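K.L.:
Structure of the sequence below:
(one chain, ligands or ions: 1)
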Amino acid sequence: MNLLEVERLNRAFGGQTALHDISFNVGKGQRLGIIGRSGAGKSTLLRCLSGLDRPQSGKILLEGEDMATLPEARLVVLRRRIGLVFQHFNLLTSRTVAANVALPLEIAGMPKALRSKRVAELLELVGLADHASKYPAMLSGGQKQRIGIARALAAHPALLLCDEATSALDPETTESILALLADINQVLGLTIVFITHEMDVVRRLAQQVLVLEKGRIVARGTPADILDANQMAAILPPNLSQTPQDGSHAIVRLTVGTQALCAPLLHTLEQQCQARFALLHTLPSPEGDGQVDVVVQADGLSVSTMNALQAHACAAEVIGYVPAHS
Ligand SMILES: Nc1ncnc2c1ncn2[C@@H]1O[C@H](COP(=O)(O)OP(=O)(O)OP(=O)(O)O)[C@@H](O)[C@H]1O
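P.N.:
Residues are numbered from 1 along each chain as shown. As a prediction, this is how the structure comes out:
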């Protein structure tokens, strides 16, 4: 079942398109990453998803209710189903850790005794049970983000929206916050949508990825699909075509075990496949550890050469053709 359904969302600022015809669904308990260059529309999309901004057209159905058109009073209530985690934590410096986490519960009118119990549970969940009476200034960046996450979870949201939640953190702390978010997703079955510009965060946290460019979704898929396509796009010749011309060379991706690189791989393949290969690039395989993708230009590729390559590599795939003089 989908928790969130976004249909043909459009948002413009003064005639300048920020989001164009954005449609996607997020299943309950899923983790979706949204990536894109600066200005691609990530923040605008997240603001629309959080009910802080309204699109000019389109639907944002959260648990079946359309945030794009809901009257303000009802939207305020629906927004409680959403927890927000910010890049710079947005903690109130004059409040203790416990009082920061309690804030959304206070606003929702929860009685004090229940609030204290819930805050204790949340601090336990994020591993900061003994920091309740400290002030934000006494905490590290990672601890502040744990408090930000505890606060976002306070009112039992259905959806957690994370806006560059680890961008202000060092790699080790990033790792621990991503582990916490993955844990929360598993234990609470909470749906997480996050925006980031860090590929590594996508690799670690996302099950599905959307790539935004100039306000449009230009790619969607698993992290492996997206990262693979991105890495490939960066290394492939610009004159690559999808159809062979007379005498053109094939560009082939071979997936091999890393141990294959210790041997004269291309020489062996040339002998066994009766073709000539020029090495273009090697890169880690999205298939996983212990494998590497070797991208070669093949001169004289035939069906039997491809069969021989497939027999010698874990996988072999023609990804395009370049003119013979390349
Ligand atoms: N309030 C606003 N008023 C006018 N233009 C805006 C406003 N908010 C966003 N934009 C424009 O909308 C486009 C998308 O901006 P947005 O901030 O959503 O991109 P982004 O992908 O989040 O970028 P970054 O990673 O740099 O934060 C940009 O062209 C931006 O200038």
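
K.L.:
Let me know the pLDDT of residue 319.
P.N.:
Looking at residue 319, its pLDDT reads 85.

K.L.:
Mind giving me the packing neighbours of whatever helix or strand it lives in?
P.N.:
Counting by DSSP states H and E, the element that carries residue 319 is strand 315-322. Secondary-structure packing of strand 315-322 (3 or more CB pairs under 8 Å, 6 or more residues apart in numbering; DSSP states H and E): strand 249-257, helix 303-312. From N, CA and C alone the C-beta is placed, and that goes for glycine too.

K.L.:
any idea which helix or strand comes after the longest helix anywhere in the chain?
P.N.:
Using DSSP state H to define each element, the chain has its longest helix at helix 171-188. Next in sequence after helix 171-188, counting helices and strands by DSSP H and E, comes strand 191-195.

K.L.:
Quickly check: that next one near the ligand or not.
P.N.:
No. For strand 191-195 and the ligand, the contact criterion (CB under 6 Å from any ligand atom) is not met; the two come no nearer than 6.9 Å.

K.L.:
So what are the structural domains in the protein, by residue number?
P.N.:
Domain segmentation of the chain under automatic domain parsing yields 2-230, 237-322.

K.L.:
As CSV, those with mean neighbour count would be great.
P.N.:
CSV is the format used below for the domains of the chain (neighbours: other CB atoms under 10 Å):
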stretch, mean neighbour count
domain 2-230, 18
domain 237-322, 16
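
K.L.:
Out of these, which gets the lowest mean score?
P.N.:
domain 237-322 (a mean of 82).

K.L.:
Distance from the chain centre to it, please.
P.N.:
Domain 237-322 sits 29 Å away from the centroid of its parent chain (CA atoms, centre = their mean, to the nearest Å).

K.L.:
ditto for stretch 200-217
P.N.:
Distance, stretch centre to chain centre, for stretch 200-217: 4 Å (CA atoms, centre = their mean).

K.L.:
That one close to the ligand?
P.N.:
No. Remark: stretch 200-217 sits outside contact range of the ligand, by CB under 6 Å from any ligand atom, the gap being at least 6.5 Å.

K.L.:
Looking at the stretch 51-200 of the chain, what residue ends up closest to the ligand?
P.N.:
Nearest residue of the stretch 51-200 of the chain to the ligand (CB to the nearest ligand atom) works out as residue 197 at 6.0 Å.

K.L.:
gap between that residue and residue 43?
P.N.:
Look at residue 197 and residue 43: by CB to CB, to the nearest Å, they are 11 Å apart.

K.L.:
can you check residue 132 too?
P.N.:
For residue 132 relative to residue 43 (CB to CB), the value is 32 Å.

K.L.:
cool, residue 258 as well?
P.N.:
39 Å.

K.L.:
same deal with residue 254?
P.N.:
Counting by CB to CB, the gap from residue 254 to residue 43 is 40 Å.

K.L.:
do the same with residue 173
P.N.:
Distance from residue 173 to residue 43, by CB to CB: 23 Å.

K.L.:
Show me the beta-bridge partners of residue 25.
P.N.:
Judged by DSSP bridges, the bridge partners of residue 25 are residue 5.
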